[in-house]
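Chemist: Fold the following for me, if possible:
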Amino acid sequence: MDVKTVCLGMLTDGAASGYDLKKQFESSFAHFFAAGYGSIYPALSSLSDHGLVTCEQIPQEGKPDRKVYEITDDGMAFLLKALEDPAPCHKIRSDFLATMCFAHLMPGEHVQTVLDSRIKECAHYAQLIADVEADRMHDWTPGMRFVAGFGKAMIDAMETYVEENRHLLTEETPIRSATA
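Modeler: All right, here's what the predicted structure looks like:
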């Protein structure tokens with residue numbers, strides 16, 4: 001699923017600006033789908049060009065007009081068609097895992113630092129999910145509850161795996177010895 005389709009899904013909750021959508025990407029979507037202004041605004045522009053959203057410009061004093069987007073009937077039809085995929089891809093792009101593939105080339109203390117950072121990031125995302133749940137879970141759809149639970153399970157599993165298997169990356173190897 002691309003940023004455009006996710007934005008359409010978010011707009012089913014009501015009209016929103018690019019800033020509003022960015023905040024949603026940073027909170028309830030942060031643990032599984034990243035998007036910044038550099039992808040959100042072009043997505044909204046494209047959706048508007050194709051008639052999948054409308055855009056109302058609201059004047060603001062001393063600032064550029066605020067653009068508020070709303071999904072159209074065609075946008076809803078497009079979204080529903082996209083949701084028909086019976087096997088959506090579950091991609092994982094992980095700089096952490098790519099780095100760990102080459103842990104044997106890194107000094108042991110740096111590997112430890114990277115692993116410790118991963119553990120801290122797990123705690124950060126677990127807290128982020130908990131905060132979002134405490135703040136908004138009462139009005140969440142069953143799908144959003146499922147996603148939050150899935151995120152917590154993945155974070156817990158990742159933290160457990162790193163802690164229980166860090167020794168695999170920190171044992172002295174001939175390659176690390178030669179490069180250290």
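
Chemist: and the next element down the chain from the helix ranked longest in the chain?
Modeler: Assignment by DSSP state H gives helix 108-136 as the longest helix of the chain. Going down the chain from helix 108-136, the next helix or strand is helix 142-165, by DSSP states H and E.

Chemist: Okay, now the unreliable bits of this structure?
Modeler: 137, 172-180 (pLDDT under 70).

Chemist: how's it carved up into domains?
Modeler: 3-82, 95-179 (automatic domain parsing).

Chemist: The first one: end-to-end distance?
Modeler: End-to-end distance for domain 3-82, by Cα to Cα, to the nearest Å: 12 Å.

Chemist: Near residue 169, how many other residues are there?
Modeler: Residues near residue 169, counting by other Cβ atoms under 10 Å, number 18. No exception for glycine: its C-beta is placed from N, CA and C like everyone else's.

Chemist: Skipping its backbone neighbours, what lies nearest it in space?
Modeler: Leaving aside its chain neighbours, residue 169 sits nearest to residue 103 (4.4 Å; criterion: Cβ to Cβ, 6 or more residues apart in numbering).

Chemist: Could you list which residues are in contact with the one you found?
Modeler: By Cβ atoms under 8 Å, 6 or more residues apart in numbering, the residues touching residue 103 are 111, 114, 169.

Chemist: Show me which of those residues is closest to residue 82.
Modeler: Residue 82 has its nearest neighbour among these in residue 114, at 36.3 Å by Cβ to Cβ.

Chemist: Return the residues in contact with the closest one.
Modeler: Neighbours of residue 114 in contact, by Cβ under 8 Å, 6+ apart: 96, 99, 100, 103, 106.

Chemist: For PyMOL, write the select line for the buried members of the residues you listed.
Modeler: Those of the contacts of residue 114 that count as buried under 16 or more other Cβ atoms under 10 Å are selected in PyMOL with:
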select buried, resi 100+103+106
